[in-house]
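1. Below are the sequence and a predicted model for it; my questions follow.
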Amino acid sequence: MSGMFVHNLRLGAFSLRRNPLLTALMIMSIGFGVAASMVTYAVFRAVSGDPIPQKSSQLFVPQIDNRGPQYNRQGEPPDALNYTDAVALMRAHRAPHQTLLFQVGMSVMPDDAHKMPFKALGYATTVDFFSMFDVPFQYGGSWSAEQDEAREPVVVISRALNQKLFGGENSVGRRMTLDDRQYRIVGVTENWDPKPRFFDMFSGNAYARPSQVYIPFNYAVDQKIDTYGNNNCGSDGKRGDNWDSWLRGECVWISAWVELNTADQVQAYRQYLDGYAQDQRNSGRFNWAPNNRLRDVHAWLEHEHAVPPESRISLSLALGFLVICLVNTVGLLLAKFMRRAPEIGVRRALGASRADIYRQFLAEAAMVGLAGGALGLLLTGLGMFGVGMVFEPQIAMLAHLDLSLVFLTLLLAVTATVLAAFYPTWRAAQVQPAWQLKSN
Amino acid sequence: MQIKPILAALKRHKAGTLLIALQIALTLAIVCNALFIIHQRLDRIARPTGLDENNLMAIQNRMVGVEDKESGPLIRADLAALRQLPGVEDAISVNSYPLRGGGWSTGVHLNADDKKSKAHTTLYFSDEHTLATFGTRLVAGRNFQADEIGEADPKEVGDPAVVIISKALSDKLFPDSSALGKPIYIGDTKKPSTVIGIVERLQVPWNGNWSDTFYDNAIIEPYRLVSTFTNYMIRTKPGQLSAVMASAPAALYKTNRMRVIAPKNGIRTFAMVRESAYRADRGMAVLMGVVCAVLLGITAAGIVGLTSFWVGQRRKQIGVRRALGATQRDILSYFLTENLLIGTAGVLMGALLAIGMNLWMVTQFEMARLSVTYVLVGVVALLLLGQCAVLAPAMRASRVPPVEATRSV
């Protein structure tokens, strides 16, 4: 059996060498088709992944419509909360875990007066942030709920920032200056940077550089540290005249997350949100029916278009491109196989069965597929350099050629070619031995 | 040319005929849509900002060690230093600028009680040097005067007494007249602002799909924002850009060391701003161009391959026809006509497919409708491509000698 297989491969190789032009055309066709699909798939894979697979169905984003049907976007509530609603959800504590966050941009002031200050981005957030999102720690840990309530100036920094400031040693307990305030370091995170950064889609930070600092939410609000991320006051919203009216106003700028572990909890939380909105209506703040959302990570990423349209357009086009290349290959294989009708007739007359013909020609097709795959791999590698041209640099950086992609490329090429070869092979196997002998 | 015998012959090659037609159809569908995307992206890139782009640069600056409200004098000192630099035409501190990516937007009303806004616009906050720095031309009214400029906390900006707006916004608000001298209500306010000037053109800071409906609507409010975070826009004298790129940050650090200017994106010429704003659009256009070229090449190669096969298969029949008096021209036009028939069937299918594909993309990616011109251009291009591809095998067929009829295969 294996001897037969080798024989078939040898026949295939011989036949492929006989029409080098046709063979080259097929290999190029497969190669280009596969490469285009693989490059765009690599990007798509990078941006459509689950950033927190172990928990993505337990983390939810509560959204509350504080605009009303007249000003909201196509009936959807805004993508973040205003301060009033965010703090109300936090105080109600209806989920096992909940957190609030907004982006902060701070200047790190080195102790050494000769060094230039530099910018560090991060989040003002609450205690549960670290446990809800499974943030790994190198040293120390999160601050406590009491410290958050007491508005203590504490900070968690990233491993990279710790390396820069303290040479990587355990800096827990040491002090650092951010803008004009002193903070005590309570924890150093490991390198942690989920992509896309699902918890801050609101500020367009899906593929931003890793965050470097985390400070307590209540302290930040107390110190009037402004959001470095987006805020959205709607088309006709009020900006407010000072910090207090900013906090009391209807501009949204805080992302909220809750962790709910069972369907019952989810149901109960939905009811709570509707009840809350109803209360706001009764008190006269809203004059519309409750219009809330509670999306899990998948639904949230979908809603926020985490996969950029460029990625989906190019993947669709590349797949269409692959189909054309395959149609082309079917045509070329048909021409190639049928040209050998006399040879097939002779082999059939000498006792070869249809199955033998199938095996011989499919083996030949598999060789074309493998060669096309090899070319495709080469082109995919080249294409990876070009990815940066089409996509944002942060996204392009995510796409890479790894072992699974290499395997997938070869598999796609061989499978596609063998599938494409079925019709031409079937036609070849239909050749009648007697008819061919007679006509010659 | 007789079409009947060609159709009879094609009936014996159903599979090959269908494959070529199918390939032409799919190629047409993709090429039409790709060309359409290319054109759309290039159109977007070509939109003018209204600025004197060749002589502009931007610095993203963050003061450190001070509160927001203390940064007013620091910004004024910075501006004074920048405006004095040799080679500098003028400079401003501004919340945003065209193509920067982030900024403010709001609705504009014509009456305080209107529920729905009349137009959407972006807001730029800066002083009387704005027009000279942007290099945008005043088409009506006047510039701000120094005594009209206020300073404001970004969180506490009030309603200005006077504003300058772009011509596009003026046309949108008052289609039949000019906005000059008229009151407008910016955002949700009861206090009107009077339009004192109209500039020829000023683009919004965004360049995505969502801002397409108001990309030329802008208002300049006479406030210098007092915030530790600000953007300096500097217009240089012609030819002085690279010199000022070096001297401006040095001058700023000399004024005050306590600031952060990001090493990577902190100091950019406007060309760099434009380049990064349109990176995705340009990349998409290039990608689509490459896809089109490779696709047309592969389709042509497929036609060459299959036609060569047919010619090889029919050598004997061609010989017979030649022996019976057919000229070389007859044989050549036989294969050209055959290809034209297959091609026509293919492009008809393809045109439908192209429109279907576009409709699908409209629903998926908020794309515009494909114009029929693209389909027509694509149809002609693919028919020509087919004729060119078939030419070489057809020439070879026409050179088959009549004596071939007498040979056994």
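-> All right, it came through fine.
2. Look up how far residue B:162 lies from the closest residue to residue B:107 other than its chain neighbours.
-> Once flanking residues are discounted, residue B:107 sits nearest to residue B:117: 2.7 Å by CB to CB, 6 or more residues apart in numbering or on different chains. In short, each C-beta sits where N, CA and C put it, glycine included. Distance of residue B:117 to residue B:162, given as CB to CB, to the nearest Å: 20 Å.
3. So which elements touch the longest helix seen in chain B?
-> Longest helix in chain B by number of residues (criterion: DSSP state H): helix B:328-365. Contacts defined by 3 or more CB pairs under 8 Å, 6 or more residues apart in numbering or on different chains; DSSP states H and E place helix B:328-365 against helix A:309-339, helix B:4-11, helix B:14-45, helix B:279-313, helix B:315-323, helix B:372-398.
4. Measure how buried the nearest residue to residue A:285 once chain neighbours are set aside is and give me the count.
-> Take residue A:285 and drop its neighbours on the chain: the residue closest to it by CB to CB, 6+ apart is residue A:66, 7.9 Å away. Residue A:66 has 25 neighbouring residues, counting by other CB atoms under 10 Å in any protein chain shown.
5. Over to residue B:380?
-> There are 11 residues near residue B:380, going by other CB under 10 Å.
6. Show me the longest strand that occurs in chain A.
-> strand A:97-109 (DSSP state E).
7. Strand partners (parallel or antiparallel) of it?
-> Here strand A:97-109 has these sheet partners by DSSP bridges: strand A:118-125 (antiparallel), strand A:175-178 (antiparallel), strand A:255-259 (antiparallel).
8. Just put these in TSV and tack on mean neighbour count and mean pLDDT.
-> Putting the strands paired with strand A:97-109 into TSV (neighbours: other CB atoms under 10 Å in any protein chain shown; pLDDT from 0 to 100) gives the following:
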stretch	mean neighbour count	mean pLDDT
strand A:118-125	22	92
strand A:175-178	18	92
strand A:255-259	23	96
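9. Look up phi and psi at residue A:110.
-> Residue A:110 adopts backbone torsions of phi -60, psi 150, taken as degrees, to the nearest 10.
10. ok, now which ones touch it?
-> A:116, A:117, A:118, A:165 (CB atoms under 8 Å, 6 or more residues apart in numbering or on different chains).
11. let's see it at 7 Å
-> If you count contacts by CB atoms under 7 Å, 6 or more residues apart in numbering or on different chains, residue A:110 has them with residue A:117.
12. what sits against the closest residue to residue B:287 other than its chain neighbours?
-> Leaving aside its chain neighbours, residue B:287 sits nearest to residue A:390 (5.0 Å; criterion: CB to CB, 6+ apart). When contacts are counted by CB under 7 Å, 6+ apart, residue A:390 is found next to A:310, A:314, B:280, B:283, B:284, B:287.
13. In the stretch 151-300 of chain B, which residue sits closest to chain A?
-> residue B:283 (3.5 Å; CB to the nearest CB).
14. Excluding chain neighbours, what is closest to that residue?
-> Once flanking residues are discounted, residue B:283 sits nearest to residue A:390: 3.5 Å by CB to CB, 6+ apart.
15. And residue A:387, by the same measure?
-> residue A:396 (4.5 Å).
16. I'd guessed that neighbour sits against residue A:385; true?
-> No: the pair residue A:396 and residue A:385 does not pass the contact test of CB atoms under 7 Å, sitting 9.5 Å apart.
17. More neighbours: which of the two?
-> residue A:396 (20 against 10).
18. related to what we said a few turns ago, now do the longest strand of chain A, average pLDDT.
-> Strand A:97-109 carries an average pLDDT of 93.
19. What segments of the stretch 1-150 of chain A are helices?
-> A:2-18, A:20-48, A:83-92, A:128-132, A:145-149 (DSSP state H, counting those that start in this stretch).
20. Which elements pack onto the fourth one?
-> It refers to helix A:128-132. Counting by 3 or more CB pairs under 7 Å, 6 or more residues apart in numbering or on different chains; DSSP states H and E, the packing neighbours recorded for helix A:128-132 are strand A:97-109.
21. mind listing what's buried in the strand it packs on?
-> Within strand A:97-109, the residues scored as buried using 16 or more other CB atoms under 10 Å in any protein chain shown are A:97-109.
22. Would you mind measuring from residue B:171 to residue B:111?
-> 19 Å.
23. Need the contact partners of the helix or strand harbouring residue B:107.
-> Secondary structure from DSSP states H and E places residue B:107 in strand B:104-109. With CB under 7 Å, 6+ apart as the test, strand B:104-109 has contacts from A:235-236, B:95, B:117-123, B:173, B:184-187.
24. Now for these: which two are most distant?
-> Pairwise distances among those were taken by CB to CB; the largest, 23.0 Å, belongs to B:95 and B:118.
25. Poorly predicted segments of chain A, please.
-> A:1-3, A:234-241, A:434-440 (pLDDT under 70).
26. try the stretch 151-300 of chain B
-> For the stretch 151-300 of chain B, no range has pLDDT under 70.
27. Among the contacts of strand B:104-109, which ones are in strands?
-> Short answer: these in strands (DSSP E) are B:119, B:120, B:121, B:122, B:123, B:184, B:185, B:186.
28. Could you pull up the contacting residues of whichever residue of the stretch 301-409 of chain B sits closest to chain A?
-> Proximity of the stretch 301-409 of chain B to chain A (CB to the nearest CB) peaks at residue B:309, 3.3 Å away. Neighbouring residues of residue B:309 by CB under 7 Å, 6+ apart: A:335, A:339.
29. Check it and give its pLDDT.
-> In this model, residue B:309 carries a pLDDT of 81.
30. With the one 4 residues further on instead?
-> Note on residue B:313: pLDDT of 81.
31. ditto for residue B:362
-> Reported pLDDT for residue B:362: 84.
32. That one: how many residues sit nearby?
-> 13.
33. Also the one 10 residues further on?
-> For residue B:372, the tally of surrounding residues (other CB under 10 Å) stands at 10.
34. Alright, that wraps it up for me.
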